[in-house]
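Asker: coords please:
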Amino acid sequence: DGRLAGAVCSIPAVKGVELGPAFDLAARPGSRAQDPLFLRDGAVVRDSNHAGGLEAGITNGEPVLVRGAMKPLSSVRSAIASVDFATGAAADPPYVRSDVTAVPA
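Answerer: Have a look, this model is predicted:
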């Protein structure tokens with residue numbers, strides 16, 4: 001889990017990683033976050049994938065689900081409140097469009 005999260009977080013602008021439905025599961029009791037096993041037509045199956053395809057660092061045969069959350073681009077068209085460090089007075093910084101995408105060029 002840690003290596004996958006680290007790989008996703010190595011992408012510039014990624015600030016969060018979710019493995020499976022982790023954030024949804026964090027609000028549930030443990031009894032509603034399990035992936036029970038069933039025998040169906042001679043095969044062991046699961047009706048859910050709450051583990052996100054990984055258990056104890058090993059894939060379990062289900063799809064591996066990894067999501068990264070990216071911060072928004074810092075360039076905005078409207079002025080953001082700021083302070084002039086030299087005078088301490090309120091100041092509006094100039095508009096500079098430096099970031100147009102978070103994907104490497």
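
Asker: use CA for all of it now, contacts and neighbours both
Answerer: Will do.

Asker: which residue is the nearest non-sequential neighbour of residue 52?
Answerer: residue 20 (3.5 Å; Cα to Cα, 6 or more residues apart in numbering).

Asker: looking at the chain, which helix is longest?
Answerer: For the chain, the helix with the greatest residue count under DSSP state H is helix 2-9.

Asker: may I have that helix as CSV, with CA atoms only?
Answerer: Presented in CSV, the C-alpha positions along helix 2-9 are these (Å, rounded to 0.1, in the frame of the first residue of the first chain):
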residue,chain,number,x,y,z
GLY,A,2,2.7,2.4,1.0
ARG,A,3,4.7,2.0,-2.2
LEU,A,4,1.6,2.5,-4.4
ALA,A,5,0.7,5.6,-2.4
GLY,A,6,4.3,6.9,-2.7
ALA,A,7,4.3,6.4,-6.4
VAL,A,8,1.1,8.3,-6.9
CYS,A,9,2.3,11.1,-4.5
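
Asker: state the mean pLDDT of the helix or strand just after that helix.
Answerer: From helix 2-9 onward toward the C-terminus, using DSSP states H and E, the following helix or strand is strand 14-19. The pLDDT scores in strand 14-19 average 94.

Asker: next SSE downstream of strand 14-19?
Answerer: Defined by DSSP H and E, the subsequent element after strand 14-19 is helix 22-25.

Asker: please compute how far that next one lies from its chain's middle.
Answerer: Distance, stretch centre to chain centre, for helix 22-25: 11 Å (Cα atoms, centre = their mean, to the nearest Å).

Asker: give me the contacts around that helix.
Answerer: Applying Cα atoms under 8 Å, 6 or more residues apart in numbering, the contact partners of helix 22-25 are 32-33, 50.

Asker: try stretch 90-105
Answerer: 12-13, 73-84.

Asker: average pLDDT across that stretch?
Answerer: Across stretch 90-105, the per-residue pLDDT values average to 73.

Asker: now the strands for the protein?
Answerer: Secondary structure of the chain (DSSP state E): strands located at 14-19, 37-40, 43-46, 54-55, 58-59, 66-70, 82-83, 90-91.
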